[in-house]
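[1] sharing a sequence plus its predicted fold:
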Amino acid sequence: MPEITYREALRQTLRYQLQNDDRVFLMGEDIGAYGGSYAVTKGFLEEFGERRVKDTPISESVVTGAGIGAAMAGLRPMVELMTINFSLLAIDQIVNNASKLHYMSNGQITVPLVLRMAGGAGSQLGAQHSHSLEGWFAHVPGLKVVVPATPYDAKGLLMTAFDDESPVVFIEHTALYAAKGEVPEEPYRLPFGRAEIMRQGKDVTLIGYSGSVHQAYRAAQQLAEEGIEAEVLNLRTLRPLDIEGIVASVRKTNRAIVIEDDWKFGGFGGEVVSIIQEEAFDYLDAPILRCSGSDVPMPYSHDLEQAALPQEADIVALAIDLLEGVTR
Amino acid sequence: MPEITYREALRQTLRYQLQNDDRVFLMGEDIGAYGGSYAVTKGFLEEFGERRVKDTPISESVVTGAGIGAAMAGLRPMVELMTINFSLLAIDQIVNNASKLHYMSNGQITVPLVLRMAGGAGSQLGAQHSHSLEGWFAHVPGLKVVVPATPYDAKGLLMTAFDDESPVVFIEHTALYAAKGEVPEEPYRLPFGRAEIMRQGKDVTLIGYSGSVHQAYRAAQQLAEEGIEAEVLNLRTLRPLDIEGIVASVRKTNRAIVIEDDWKFGGFGGEVVSIIQEEAFDYLDAPILRCSGSDVPMPYSHDLEQAALPQEADIVALAIDLLEGVTR
Amino acid sequence: MTMANGKSGTLTKRDGTGISDDQAVALLHRMMEIRRFEEKAAEMYARGKIHGFLHLYIGQEAVATGAISALRDNDYVVSHYREHGHALARGLDPKRVMAELFGKETGVTGGRGGSMHLFDVSKSFLGGYAIVAGHMPLACGLGLAEQYKGTDRIAVNFLGDGAVNEGEFHESLNLAAVWKLPLLFIVENNFYGMGTAVQRVSALVEVYKRAEAYGIHAEQVDGMDVVAMHDTVARLAQRVRSGDGPVFLEAICYRFRGHSMSDPEFYRHKDEVERWRALDPIEQMKRRLFDAGVIAEADVARMQEEVDQIAQDAAEFAEQSPAPSRESLMRDVYARSPKLEEDGRA
Amino acid sequence: MTMANGKSGTLTKRDGTGISDDQAVALLHRMMEIRRFEEKAAEMYARGKIHGFLHLYIGQEAVATGAISALRDNDYVVSHYREHGHALARGLDPKRVMAELFGKETGVTGGRGGSMHLFDVSKSFLGGYAIVAGHMPLACGLGLAEQYKGTDRIAVNFLGDGAVNEGEFHESLNLAAVWKLPLLFIVENNFYGMGTAVQRVSALVEVYKRAEAYGIHAEQVDGMDVVAMHDTVARLAQRVRSGDGPVFLEAICYRFRGHSMSDPEFYRHKDEVERWRALDPIEQMKRRLFDAGVIAEADVARMQEEVDQIAQDAAEFAEQSPAPSRESLMRDVYARSPKLEEDGRA
Ligand SMILES: Cc1ncc(C[n+]2csc(CCOP(=O)(O)OP(=O)(O)O)c2C)c(N)n1
Ligand SMILES: Cc1ncc(C[n+]2csc(CCOP(=O)(O)OP(=O)(O)O)c2C)c(N)n1
Ligand SMILES: [Mg+2]
Ligand SMILES: [Mg+2]
């Protein structure tokens, strides 16, 4: 299989959709003439024209709402919100319209909207540009929330997003666009609600998604050197969540750590923890831990930002504590 | 002590602040001429005039942002967002400005803003008007989140909110405005981060806030008839959260149920569960359960809405299961 | 319907536009139906059959009736939470609308939406929204979709004067103008947003002038005159259909009742209300048709009986309808995705 | 500073307004300082000393320099993320600004804000915001506070052409107009929002006309002419101070560099950039002062040395400054509340 970047994987699915379904069009700020702030749509305006690739005003709310409206009318818009930070300006449209209309209309209306945005921190963009709010979207019934970790995820999950009749919030990680991985050339779909077991292990389950999966994986390799075999789960989607897969793994390892960039307090990790202890209480040898971002607005300074973000070393340390806690 | 309503309790603190601190002024939609959509500010325009009580355009974002700006300039604005549903239109201001400016400016700026709004469901207002998003605000570092359950809470916590130098999101429950309770006539403050033990018990801890506290309390009374002594905690504030108080109670009862109106999946309850199992793992005789709202946009129909909201009977049933689960 | 006299086309303008006598009578009939329906709804609210928010349209009937009568059946109609009038003018079944207010399974959305969220896609009635101005972006999207498909279907977006100060109003008008979307915005200026008078919160009191800042053609019309509403919207809808981009219409009108059932109305004087009641769109239209000799008292009496019956039947239908089953609670949170079911996934 | 010739007041207008030669030279000096500072910052970015987003103001120096020179020291200045120029024009210490770009403890916010979030409350410089138009409501609040207190302090809000399509732009202008807030909005129209040309996304290309929809007095000025900027803002600030409400100014200017350091600039032609470079505000001002005989080449050479030194010193200061300690991470998430500590609570 060819090795391509996360960015290229996304481009392949977007191009496939534009080529094969005229109901599909893209809108967003600077996705056209500028080429996309993360270059995901670079060249698309020239290739597909203004009808299919629309540069919009800096008006997140109406752009998102117009995407919802167009979806209500039978099209399959892909709205790019540039970054998750700006989704705050469109969140009323997402929460009050996109997520609710199918239900409120008693099934009369469907909103097959794909809402792409880049999230995550680590590039020193400062407090207003470093949010990881995927947990907020995952809290909203009616939305599906996708968080690809690899190029393979990116291509396959985005393909599924376009075939889903419900609104899909598709959150990419700013730090992963240049990451490479093996990806089949032909189009394929990856199912929502199925976590990937990235590494098998028996001692502890490390649960991550998007960027944090890679930290978990590297931490697992370090732990292996300590003789600790960690299982690594890549959630792929937060809503639906692969409860079965998570619980099955923890029932095997009896210990779990949830890793996420987002603020710890009130973050999505709490949901994962709650479900595990509800479903696998008798299997737990130790409390389920969370290795999350610090509860602080993200500072710009490199050292402070790194101090605020979960690090492999933190995961390793927590895992060792967990296991010693038990042998103790 | 005189018995007054939750609404009157709020009015007493607001009037006290208006009378005693000229830096305090109120702004919001229809708080003046209309008298406030929940009549909390009724008569204030006549009593204090347009300088202190400002009716605003229907522009949640600028009204909230102007409150933040006025606070930055040394005033103590109280912005009423009418309901939590409309806070979605101001959430960028709350998350990106109010909560972060003190930190981002390295302490140069403070934002002593009180942001009042009515939340909760149960009055058949439909999907777009029945949110309980307090968990979202509680997730944001830099904000304090207050959720009064009684008239006594309402008066004392709002007093504290005005004396706090950080932005406070003060969430009232639409179903409680007419609720009565004993409240001292003189002004007083209730501390943030200190839960109230509404009822002592040894068998299970029922943790609620705002409206759900009352369900928990009534459920506890029913449980008593079954010979089960439930301890009832009224959190009062979600951020800061009284971790000590919660953990102390669960270490005593060894079981806990968190009750909230909000959607279960990804809700604040998950944070409470996570903290308990982190801090009291060895004390737990059973998994910590959550009795929350169904993961569905709130339907208008009375029966459906009630089916979607947590009920006393559900709490009772869960508590009994928990205890039997152990005796089994 | 047979007329009191043989005359016809009394309300037809010299330029041939305008409406026939039958249409004129139909407009009156529709307004009477809406009025009676809502009086009945108010009664049912008082009797505890309807809960939550109930925003009556009484006084503004001419706006929805005249405007919607001038549209094609498949033009999209998108309104806010004060939309009973728009729904009925669009031809939604009064029985199913009343049942919706009752929260019954037979309601237009099965009791899930209630008064603020009426939907009937089969009639291109796309709702019923409770977030002020939050429906404007959706209307833009509907117009965008038809433009994209190359049809001449347009979207008509009703909103209130209070909505013009929301950011989404601005974003929507700008986008509609820049992309020349087939949209007709109709602001129902009834002078108040809840209890707040327009001039207290709007920099520009003449709402239609706001549209000029976007280069959007804008007009003002007497929203108490159903014929003026019809003629104006007929002309403007045609213009929008031609592809020149959006048009903005401000209809001057008045709400006779409170904002919602719980409004104490501290903010306005009884006599202001009285002055406007004198301009009641229904009474105006009756007088006009009397004077033109198109109908007589007897016709009105019969029409009144008919609409009384419609309202009565609606209430009875709603009363007798079953409540939705609690088992249905979780249905339709997500749409079925046939393509994904195929490969047995998601 | 001593001049090449004895003349003075060459740039003073007949009506007595305008600026003295010393002021004129100071404006040039400030622009040169900003230019050099940013060239150094770009160099440091390339050398990996600065990370994240770095938005250069090069080409637009006349706007901030002229405008801010016409304000009182305690008037609030609120800008967006392209604010190095505004910060330096406001008199923030170049050393501490550069240190902030480096993310050092000695930076104006201790390395927490970075390029997009400069703050110096002691200079009434209220930031530095990265959400387009998100700072406008704050500026309204600052103005509101001063109006409330009864002072004649005003708030000056700089924004870009791209911000005018955000809902908050609309809400802010409307509120400012309705409440007659002491605000001066200055839009720096550099023709692009990132790679999007104004006419592709704005219904009204003449940005200042937008303000008229709110009854706000609006003007347009040549943002490449620092003297015009100074004179215009001096006059408009006075007007705002008098309490007549907000004023809106559109400064026509151009950004010579890319939107940020990573901008490939697909969206504009090199020769368009060249045409504008010919209008370089610094070169224009030099020529003007030469022609007026206010300064000679030698003066410019000396000034250039001075600003080179300032930029150099700033970079060295930043380089030598310590990074903030990791222990300080959780400091200042919440403000201390003395009143609550009294009763030992919260
Ligand atoms: C975003 C938002 N803010 C506030 C409200 C509360 N609210 C409901 S109706 C209303 C007034 C709207 O007035 P207008 O647009 O003139 O419509 P009218 O009620 O006069 O028909 C307000 C403020 C809301 N529903 N949505
Ligand atoms: C709400 C929001 N949407 C999008 C962005 C991304 N963004 C950053 S700058 C910019 C363009 C702004 O252009 P303009 O206002 O003209 O200012 P300029 O960069 O030209 O100085 C955009 C779209 C943002 N920061 N905030
Ligand atoms: Mg109105
Ligand atoms: Mg620009």
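    Sure, I can see it. As the structure is a prediction and not an experimental result, all values here were calculated from the model. Numbers count the residues shown, from 1 in each chain, chains lettered A, B, ... in the order given. Ligands and ions are numbered 1, 2, ... in the order given.

[2] alpha carbons only for contacts and neighbour counts from here, please
    Fine.

[3] so for the most centrally placed residue in chain C, what's the pLDDT?
    A centroid search over chain C (C-alpha atoms, centre = their mean) returns C:His86, at 2.4 Å, as the residue closest to the centre. With respect to pLDDT, C:His86 has a value of 98.

[4] can you tell me how far it sits from C:Val97?
    11 Å (C-alpha to C-alpha, to the nearest Å).

[5] what number of residues lie near residue 33?
    By default, I'm working from chain A. A:Ala33 has 25 neighbours, counted by other C-alpha atoms under 10 Å in any protein chain shown.

[6] actually chain C
    A count of nearby residues for C:Glu33, using other C-alpha under 10 Å, gives 25.

[7] show the model's pLDDT score for it.
    pLDDT, read off for C:Glu33, is 98.

[8] would you confirm that A:Asn196 contacts A:Leu241?
    Slight slip there: residue A:196 is Glu, not Asn. No - A:Glu196 is beyond contact range of A:Leu241, at 11.7 Å (criterion: C-alpha atoms under 8 Å).

[9] of the two, who's got more company?
    With neighbours defined as other C-alpha under 10 Å, A:Glu196 and A:Leu241 compare such that A:Leu241 has more, 22 against 16.

[10] what about the closest residue in space to that one that isn't next to it in sequence, neighbour count?
    Spatially, and ignoring its direct neighbours in sequence, A:Leu241 is nearest to A:Gly193 (4.9 Å; C-alpha to C-alpha, 6 or more residues apart in numbering or on different chains). The tally of other residues near A:Gly193 (other C-alpha under 10 Å) stands at 22.

[11] up against chain B, what does the stretch 51-200 of chain C have?
    C:51-53, C:102-104, C:111-114, C:116, C:130-132, C:162-163, C:165-167, C:194-196, C:200 (C-alpha under 8 Å from any C-alpha of the partner chain).

[12] and for the stretch 1-150 of chain A?
    A:88-89, A:91-92, A:96, A:100, A:103-104, A:127-128, A:135-136, A:138-142.

[13] out of those residues, who's near ligand 1?
    The subset of these within reach of ligand 1, by C-alpha under 6 Å from any ligand atom, is empty.

[14] out of the residues you listed, name the ones that lie in helices.
    A:Ile91, A:Asp92, A:Tyr103, A:Met104, A:Gly135, A:Trp136, A:Ala138 (DSSP state H).

[15] flag the shaky bits of the stretch 51-200 of chain C, pLDDT-wise.
    Low-confidence segments of the stretch 51-200 of chain C (pLDDT under 70): none present.

[16] show me where it has its strands.
    With DSSP state E, counting those that start in this stretch, the ranges of strands along the stretch 51-200 of chain C come out as C:76-79, C:125-128, C:155-160, C:183-189, C:192-193, C:196-197.

[17] can you lay out the ones you listed as JSON lines showing distance to ligand 3?
    As requested, those are exported to JSON lines (distance: least, C-alpha to the ion, whole Å):
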{"stretch": "strand C:76-79", "distance to ligand 3": "13"}
{"stretch": "strand C:125-128", "distance to ligand 3": "16"}
{"stretch": "strand C:155-160", "distance to ligand 3": "5"}
{"stretch": "strand C:183-189", "distance to ligand 3": "5"}
{"stretch": "strand C:192-193", "distance to ligand 3": "4"}
{"stretch": "strand C:196-197", "distance to ligand 3": "8"}
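
[18] can you tell which of those is closest to ligand 4?
    strand C:183-189 (28.6 Å; C-alpha to the ion).

[19] what's the distance between that closest one and the middle of its chain?
    Averaging C-alpha positions (C-alpha atoms, centre = their mean, to the nearest Å) puts strand C:183-189 10 Å from its chain's average.

[20] try stretch A:264-280
    On C-alpha atoms, centre = their mean, the centre of stretch A:264-280 falls 17 Å from the chain's centre.

[21] got the CA coordinates for that stretch in PDB?
    Only the C-alpha atoms of stretch A:264-280 are listed here, as PDB (Å, rounded to 0.1, in the frame of the first residue of the first chain):
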ATOM      1  CA  LYS A 264      -9.500  17.100  32.300                       C
ATOM      2  CA  PHE A 265     -12.300  18.500  34.400                       C
ATOM      3  CA  GLY A 266     -15.600  17.800  32.700                       C
ATOM      4  CA  GLY A 267     -13.900  16.400  29.700                       C
ATOM      5  CA  PHE A 268     -15.000  13.400  27.500                       C
ATOM      6  CA  GLY A 269     -12.600  11.100  29.400                       C
ATOM      7  CA  GLY A 270     -15.100  11.200  32.300                       C
ATOM      8  CA  GLU A 271     -17.700   9.500  30.100                       C
ATOM      9  CA  VAL A 272     -15.300   6.700  29.200                       C
ATOM     10  CA  VAL A 273     -14.300   6.300  32.800                       C
ATOM     11  CA  SER A 274     -18.000   6.200  33.900                       C
ATOM     12  CA  ILE A 275     -19.000   3.600  31.300                       C
ATOM     13  CA  ILE A 276     -16.000   1.300  32.100                       C
ATOM     14  CA  GLN A 277     -16.700   1.300  35.800                       C
ATOM     15  CA  GLU A 278     -20.400   0.800  35.200                       C
ATOM     16  CA  GLU A 279     -19.800  -2.100  32.800                       C
ATOM     17  CA  ALA A 280     -16.700  -3.700  34.200                       C
END
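
[22] picking up where we left off before, shared neighbours of A:Glu196 and A:Leu241, anything?
    Residues touching both A:Glu196 and A:Leu241 (C-alpha atoms under 8 Å, 6 or more residues apart in numbering or on different chains) are A:Leu235.
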